[in-house]
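# From the sequence below, what's the structure:
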Amino acid sequence: MQASEPTRLTLLMRLRDRSNSVGWNEFQERYGELLYRYARGSGASHVDAEDAVQEVVLYLFKAMEGFEYDARKGRFRSYLRKSVINALARRHKKDAKQAVAVDPQNFDFVKAKTEAGADERWEHEWRLHRLRWALREVASELEEKTMKAFELHVLAGVSVEKTALDVGISTASVYQAKSRVLKRVREQLEAVDPDEDV
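Model (predicted):
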């Protein structure tokens, strides 16, 4: 992603236009997997997790018209976490009084930030989400063998020797691939991270 492309904040501003299907598709691509993984990690079935994600998107869709982002209120990621928790609660309490949808206009971001910080699984998923985003962004800049070596050795935990053999490079090149990719990921996250709140 280039610095001139939309960031998380500009994406949110574009979502105020409900007819902006490109923006809503981008939201789904950017956050759908994060919300799904978190729901699954909370014990939801595949179907319930998918439904929870769709419910989060639906309620956000309804609430975004006229939305004004105020960074002083807290982080968007806290809103996302609370929304998926509420969506799961509604699914499991169909016969009980349903939880109210989380409206970003009236959401207590400060309280949710404290709750999210105490939720280690959410923080873990958030870090993985940012890493996946950065890896997708830098993958096109690096050689295919470099990315393959990184994926095998760092992400899959394959030994340096086996990685070198599988990719057809030297063991020194495996270490270089790891270093190159990690450096670019760090640079990408520092330069343009659409999901880190200001």
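# With adjacent residues omitted, what lies nearest to the most centrally placed residue in the chain?
By Cα atoms, centre = their mean, the chain has its centre lying nearest to H129, at 3.9 Å. In space, H129 comes closest to L34 once its chain neighbours are excluded; the distance is 4.2 Å by Cβ to Cβ, 6 or more residues apart in numbering. Placement of C-beta: from N, CA and C, glycine included.
# hang on, isn't that neighbour packed against E125?
Yes. The pair L34 / E125 is scored as a contact, 6.0 Å apart, by Cβ atoms under 8 Å.
# quick one on the thing from earlier: tally of neighbours for the residue nearest to H129?
Counted with other Cβ atoms under 10 Å, the neighbours of L34 add up to 23.
# Report the separation between it and E143.
28 Å (Cβ to Cβ, to the nearest Å).
# Now do the contacts for M64.
12, 15-16, 18, 104 (Cβ atoms under 8 Å, 6 or more residues apart in numbering).
# next structured bit after the lowest-mean-pLDDT helix or strand in the chain?
Within the chain, confidence by mean pLDDT, DSSP states H and E is lowest for helix 109-118 among all helices and strands, at a mean of 53. Using DSSP states H and E, the helix or strand that directly follows helix 109-118 along the chain is helix 120-139.
# List the buried residues for that next one?
Within helix 120-139, the residues that count as buried by 16 or more other Cβ atoms under 10 Å are 122, 125-126, 129-130, 133-135, 137-138.
# got any ranges where the protein has weak pLDDT?
For the chain, applying pLDDT under 70 flags the ranges 1-8, 66, 69, 71, 74, 93-118, 192-198.
# roughly how far apart are the residue located most distally from the centre of the chain and H153?
When each C-alpha in the chain is compared with the mean C-alpha position (Cα atoms, centre = their mean), S170 comes out farthest, at 33.9 Å. Per Cβ to Cβ, S170 is found 13 Å from H153.
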